[in-house]
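Colleague: I need the structure of the sequence given here:
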Amino acid sequence: MNFKKIATTGLSLALILGVTGCTSKTKTVEEKKVETPTTEETKVVDKEYVNKYSKIYGDYETGLKDYEMYLTPEKVTEYYTTNEYPGNEKYLENVKMAYKTSKEKTQAYVDSLKNDMKTDDADLKKMNEGLIAEGEKTIANIDEKLKRLDEIPKDAVSKTQEEYIKVVDESIKIKDETKSEFTKMIDEMNKKLGINVNNNTNEKVK
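Modeller: Model prediction:
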């Protein structure tokens, strides 16, 4: 009788311990499921920086198409296959105006990076400083190009359209060309911040 009672008690205890053990294991598995690992892609950058930068980039980008048209003689020639050529004198005037506009916009962009864009994010801070440095080089290059455009001989206007476009292009070629590096760094910043450069409103990619 006592033996049966002891055996029954033992069996009950074993069942209780078994159920408790299973519950504990189930709970552990469920807890692991809700863990969300943090990766580079899920990190949230400084949102205030993103909002401010998106605005200054939008201001910088607007109106630069005229400048970009004059970057290569091929682009110029392509444009004037469907548009009326204004004549050599007016063409030179247009090129100068495009470069002056680019300088003003680049200067405003760099000034904003210096004065308005503050962040504690180490990566953003480094990229911001890099953009300032390259932007200042780009401004210096534009100044040099404007100086060279002013030095084009007056009698060069007698050349043909094709010849004159080449003269203008040759005059603005300089060794320390940083525009491409500056543009590359801007593209990297836009990618870092998730800015959609194909959208005219410069909305952040969702």
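
Colleague: average model confidence for the strand or helix carrying R148?
Modeller: R148 is part of helix 122-150, with elements assigned from DSSP states H and E. Per-residue pLDDT values across helix 122-150 average out to 95.

Colleague: got the angle between whichever helix or strand comes after that helix and helix 122-150?
Modeller: Along the chain past helix 122-150, the next helix or strand (assigned with DSSP H and E) turns out to be helix 161-171. Here helix 161-171 points in a direction 130 degrees away from that of helix 122-150 (axes from the mean of the first three to the mean of the last three Cα atoms, to 10 degrees).

Colleague: just checking, what packs against the helix holding R148?
Modeller: helix 88-115, helix 161-171, helix 179-193 (3 or more Cβ pairs under 8 Å, 6 or more residues apart in numbering; DSSP states H and E). In short, each C-beta sits where N, CA and C put it, glycine included.

Colleague: buried stuff in the second one?
Modeller: Of the residues in helix 161-171, Y164, I165, V167, V168, D169, S171 count as buried by neighbour count, 16 or more other Cβ atoms under 10 Å.

Colleague: The closest residue to I174 other than its chain neighbours - how many residues pack around it?
Modeller: Distances taken as Cβ to Cβ, 6 or more residues apart in numbering place E144 nearest to I174, at 5.6 Å, with adjacent residues excluded. By the criterion of other Cβ atoms under 10 Å, E144 has 13 neighbours.

Colleague: E144 and L193: what is the separation?
Modeller: Using Cβ to Cβ, to the nearest Å, E144 is found at 31 Å from L193.
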